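predicted model, plus sequence, below.
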Protein chains: 2
Amino acid sequence: MSRQTADHTDIRATNLAAVLGHLRRAAPCSRAAIATGTGLNKATVTSIVGELLERRLVRETQQTQNHVGRPATLLVLDGSAYATIGLEVSARGLTALACDTAGEQVLRWHRAGPGIDAGPAKTTAALAALARRAISTVESSGRQVLGIAVGVPGLVDRDGTVVRAAGLGWSDVPLRADLEKAVGRPGIPVTVDNDASLGVVAEQLYGPYAATPNLIQISGDTGVGAGVVVDGRRLMGHLGYVGEIGHLRLVPDGPACGCGRRGCLEALASLPAILERVDGAVEDDPQHQLDTLIRRAAAHDAAVTKVLGEAGTHLGHGIAALVNILNPEIVLLGGAYALLAEHLLPAVERALRDATIAPDAGGCSVAAGTFPHTATPLGAAAHALTPLTSGRLPAR
Amino acid sequence: MSRQTADHTDIRATNLAAVLGHLRRAAPCSRAAIATGTGLNKATVTSIVGELLERRLVRETQQTQNHVGRPATLLVLDGSAYATIGLEVSARGLTALACDTAGEQVLRWHRAGPGIDAGPAKTTAALAALARRAISTVESSGRQVLGIAVGVPGLVDRDGTVVRAAGLGWSDVPLRADLEKAVGRPGIPVTVDNDASLGVVAEQLYGPYAATPNLIQISGDTGVGAGVVVDGRRLMGHLGYVGEIGHLRLVPDGPACGCGRRGCLEALASLPAILERVDGAVEDDPQHQLDTLIRRAAAHDAAVTKVLGEAGTHLGHGIAALVNILNPEIVLLGGAYALLAEHLLPAVERALRDATIAPDAGGCSVAAGTFPHTATPLGAAAHALTPLTSGRLPAR
């Protein structure tokens, strides 16, 4: 009895998810087109669309299709009732972004600091303040906040505890629990994940390579990490730690790393490592420091060109490990790497071809990522929508 | 119209696959138990079982269940009508193994040679002779051969061409096409895949860690490669090249590798590299040489202990790259590594813990593989059954 009930709920959720998914890809479209596209019968589609209209997740438009016969009313996603919030913690600062359920950005803020040495308490407080302000802005637009997801540069366990973030110097920080408490809105679920793992979601949903089933995004704004999609699925692994390439040892007895070892990719080619090599230190506003670096690189400054060439070679060797093990079709350089891509790519590609066993790097290209400033919070906002996209409607 | 037809065929195949899958896991079982276990209605189960009985893929047994009420006739898989053949090319020799559709081994042969320097023509001829003999033995048992799958230590493209096998010195060998021609049985489909990728299929289906969704098997009999299961799925990648860890550069300016580089994992820790370090060369019968090595290791021979300790350290560093990137729960040492496991494991585990960023290696254990002699041909024979396990019945 309970089995049958569960099955019916599952089927309704699966069908609802299929209808929403079709609308995301193909709207505006008619009920008949949804039935054809999803394989559901028209009565089921009509019933589900009725519920989605009533919940303001879908709306009818005045547009009609250009064909013979009675004009059909078309449907589009409705973003007026709900939104989700994506947050990012990075050496470049804190970012907040909100998307409504039609995929439109409701807000996008960046603030400098609190600095990679600020420690978890200060950073959590700053993040909570940003989250509260974002909630208040979303709610004053008339939308309900369905969830908050946070991307952090480190190992995050399934409970949202940051087990280790070498680039921030964090160990065992219960960020999800602390942030939920600091935000003070028990009705709004908070999840915490690895930044790169959320960043690749943005590429998978909105980028020019969205249809590519073997896709990796690598970013190095704080530590160095990769979000990995293989055979069409984003990988998570046993404890959710997939893509931790920052501590591959590339140079025995190389420079000291935040993890206590030497010669890790992160110590050689992360943004903080690059800034330190160019300017002698990571300053209080690394975003400003990065802007200066980009200007100097564009002006062919010899010292900057040399550092970026070396970092590109190390990055290429790190990417070669990913390519040997995962055989992607495309590796996207995300975050600050995307802004520096034209200066990094020649060395990256040379090292990659040099260090992969498959001819032509197994058919892998490297390119600049699509969202240098927002991949993680954009992917986080999409991730926070997972219950709805899986077919579970918001609680009333 | 054609769409609907395709859908109906797909549904029948999906249901048939579900019934066979349930029988593989739970036989002997009744039609009613299959209906409960698969969620299919009883009429559908009865119809599918009828077809499977008629095709001799299932048979009824005299056993009855021990419960109140009318005794139900129980069903088991029937292996009397069909079998598949798995082959392996390795430095340790050639192996053939046939499994019937009930999962029983019909034959298992190993022959030494033709040696890693024999070249593709001689090896293909020896492999074809072995395949023809296996087909004839299977057919004389009254079974039809549904397919042959071959595991090779190298990069294999989707067309069955061995693009690169550094350990064998092969490049661009169209093994599938050559073998099909040499076997001369156009009705029996031949597929060629990477050896490690097939080897993990054996662990996934028959090993003690079969239920583990994040599982890697690494073998080094010829080259060094890994078969990778993440989040419950075996990874393939863009061109099917997942798991090529043999050419991770571990020691800059280390020993020369068959790929033309230096210091690759394969040049440091493959079975041929180990044999060469102990005996000065890989001899004509590496299996015999391996047996001697195992005896010397068991007798605490100092030279052998030292070589295995060093190889274990390099192997542990290679596994650390897999663990950092893929976060498995278990890494199994396959092939000769399984036979040497007790001598390799202490150094492997030390290096692994040393070189992974996640605490406690992200929850990863390392253990000896279950099928040191047959993982690849066993996985290959299972792989050759894929059309049937996906619900497509053999052609009449």
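Yep, that arrived.

and the stretch 101-250 of chain A, which of its residues are near chain B?
Residues of the stretch 101-250 of chain A lying close to chain B (CB under 8 Å from any CB of the partner chain) are A:155, A:163-164, A:166, A:213-214, A:226, A:228, A:230-231, A:233, A:235-249. Quick note: C-beta positions are derived from backbone N, CA and C, even for glycine.

which of those residues fall within strands?
Among these, the ones falling in strands (DSSP state E) are A:155, A:163-164, A:226, A:228, A:230, A:233.

quick one: those residues as CSV, columns for neighbour count, distance to B:Cys99 and pLDDT too.
Formatted as CSV, those follow (neighbours: other CB atoms under 10 Å in any protein chain shown; distance: CB to CB, whole Å; pLDDT from 0 to 100):
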residue, neighbour count, distance to B:Cys99, pLDDT
A:Leu155, 25, 41, 95
A:Val163, 20, 43, 96
A:Arg164, 25, 44, 93
A:Ala226, 30, 38, 98
A:Val228, 29, 33, 98
A:Val230, 26, 28, 97
A:Arg233, 15, 29, 96
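
which pair in those has the greatest spatial separation?
Spanning the widest gap among those are A:Arg164 and A:Arg233, at 25.1 Å by CB to CB.

need the nearest residue in space to A:Leu344, chain neighbours excluded.
Closest residue to A:Leu344 apart from its sequence neighbours, by CB to CB, 6 or more residues apart in numbering or on different chains: A:Gly312 at 4.1 Å.

quick check: the one you found touching A:Ala341?
No: counting by CB atoms under 8 Å, A:Gly312 does not reach A:Ala341; the two are 9.6 Å apart.

more neighbours: which of the two?
Applying other CB atoms under 10 Å in any protein chain shown to A:Gly312 and A:Ala341 shows that A:Gly312 carries more neighbours, namely 26 against 19.

name the helix or strand for the more buried one, please.
Taking DSSP states H and E as the criterion, A:Gly312 maps to helix A:302-326.

name the residues that touch stretch A:297-304?
Residues external to stretch A:297-304 that are found in contact with it (CB atoms under 8 Å, 6 or more residues apart in numbering or on different chains): A:278, A:293, A:296, A:305, A:308, A:340, A:343.

can I get the residues you listed in JSON lines including pLDDT and distance to chain B?
Shown next, in JSON lines, are the contacts of stretch A:297-304 (pLDDT from 0 to 100; distance: CB to the nearest CB, whole Å):
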{"residue": "A:Val278", "pLDDT": "95", "distance to chain B": "25"}
{"residue": "A:Leu293", "pLDDT": "97", "distance to chain B": "27"}
{"residue": "A:Arg296", "pLDDT": "97", "distance to chain B": "31"}
{"residue": "A:Thr305", "pLDDT": "97", "distance to chain B": "24"}
{"residue": "A:Leu308", "pLDDT": "98", "distance to chain B": "22"}
{"residue": "A:Leu340", "pLDDT": "97", "distance to chain B": "23"}
{"residue": "A:His343", "pLDDT": "97", "distance to chain B": "24"}
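
now stretch A:13-20, how far from the centre of its chain.
Averaged C-alpha coordinates place stretch A:13-20 at 23 Å from its chain's average position (CA atoms, centre = their mean, to the nearest Å).

mind listing what's buried in it?
Buried residues in stretch A:13-20, counted by 16 or more other CB atoms under 10 Å in any protein chain shown: A:15-20.

between those, which is closest to chain B?
A:Ala18 (14.6 Å; CB to the nearest CB).

and the pLDDT at that closest one?
A:Ala18 carries a pLDDT value of 93.

ok, A:Ala112 next?
87.

cool, and A:Ser2?
Value for A:Ser2, per-residue pLDDT: 32.

and the helix or strand hosting A:Leu275, how far out from the chain's middle?
In the assignment (DSSP H and E), A:Leu275 maps to helix A:271-279. Helix A:271-279 has its C-alpha centroid displaced from the chain centroid by 24 Å (CA atoms, centre = their mean).

what residues does the stretch 251-396 of chain A have near chain B?
Contact residues, the stretch 251-396 of chain A versus chain B (CB under 8 Å from any CB): A:251-252, A:259, A:261, A:317, A:321-322, A:324-329, A:355-359, A:362-364.

pull out the buried members of the residues you listed.
Buried members of these, scored by 16+ other CB under 10 Å, are A:259, A:261, A:317, A:321-322, A:324-329, A:355-358, A:362-364.
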